[in-house]
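> next input, structure requested:
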Amino acid sequence: MKKLISIIVMVSFTTLSFGQVSNETDKKLIKNLVIESFDEIWSKLSSKNIDKYYTKDFLLLENGEVWTNDSIAKYLNKAVLEKPNPTRINTIEIIEIKVANKTAWVAYHNYATFSIDTKIVYKAHWLESATAILTDKGWKLEMLHSTPIKNE
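Alright, predicted model coming up:
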């Protein structure tokens with residue numbers, strides 16, 4: 001009987017520790033998802049990367065506007081034609097990530113520095129939150145809410 005109880009306790013602790021490892025792995029994947037989505041979509045002005053990072057029904061809520069994948073693609077395709085195209089460098093500071101089953105949310109500060117020929121022309125700061133879902137192709141962003149922070 002003692003042996004059976006010992007085995008049950010060991011299995012319980014093993015299951016709990018695997019759950020914690022999986023949760024930490026998911027948090028890292030979601031952090032990378034946010035960072036890579038900004039680098040691959042917004043810095044590169046690449047509409048072809050939208051499907052890689054956003055769900056089909058993705059919504060971006062920013063500054064009183066609702067953006068869909070189509071309106072984002074239209075914006076990016078127009079922006080890439082404008083010259084000169086500033087270089088955008090993103091810095092993401094994660095506040096918190098919560099994962100539950102196949103859904104997650106993340107809160108973070110998003111800083112962007114825009115430069116032309118190594119001269120900084122603009123800096124931006126947003127406070128953002130996003131939701132993500134685990135799809136058959138991995139984690140994807142489902143919704144992003146962005147609040148611009150005024151420059152000081």
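> okay, CA-based contacts and neighbour counts for the rest of this
OK.
> just for the protein, where's the confidence low?
Scanning the chain for pLDDT under 70 picks out the ranges 1-21, 152.
> and the longest strand seen in it, which strands flank it?
Longest strand in the chain, counting residues (DSSP state E): strand 119-135. Strand 119-135 pairs in its sheet with strand 103-116 (antiparallel), strand 138-148 (antiparallel), by DSSP bridges.
> just so I have it, where are all the helices in this structure?
Along the chain, counting by DSSP state H, helices occupy 2-37, 50-53, 69-79.
> give me the buried positions along the last one.
By neighbour count on 16 or more other CA atoms under 10 Å, the buried set for helix 69-79 is 69, 72, 73, 76.
> count of neighbours near the closest residue to residue 55 other than its chain neighbours?
Excluding the flanking residues, the one nearest residue 55 by CA to CA, 6 or more residues apart in numbering is residue 142, at 5.3 Å. By other CA atoms under 10 Å, the residues close to residue 142 number 21.
> isn't residue 142 up against residue 58?
Yes. Assessed by CA atoms under 8 Å, residue 142 is found in contact with residue 58 at 4.6 Å.
> just give the nearest non-adjacent residue to residue 47, would you?
Closest residue in space to residue 47, ignoring its immediate chain neighbours: residue 73 at 4.9 Å, by CA to CA, 6+ apart.
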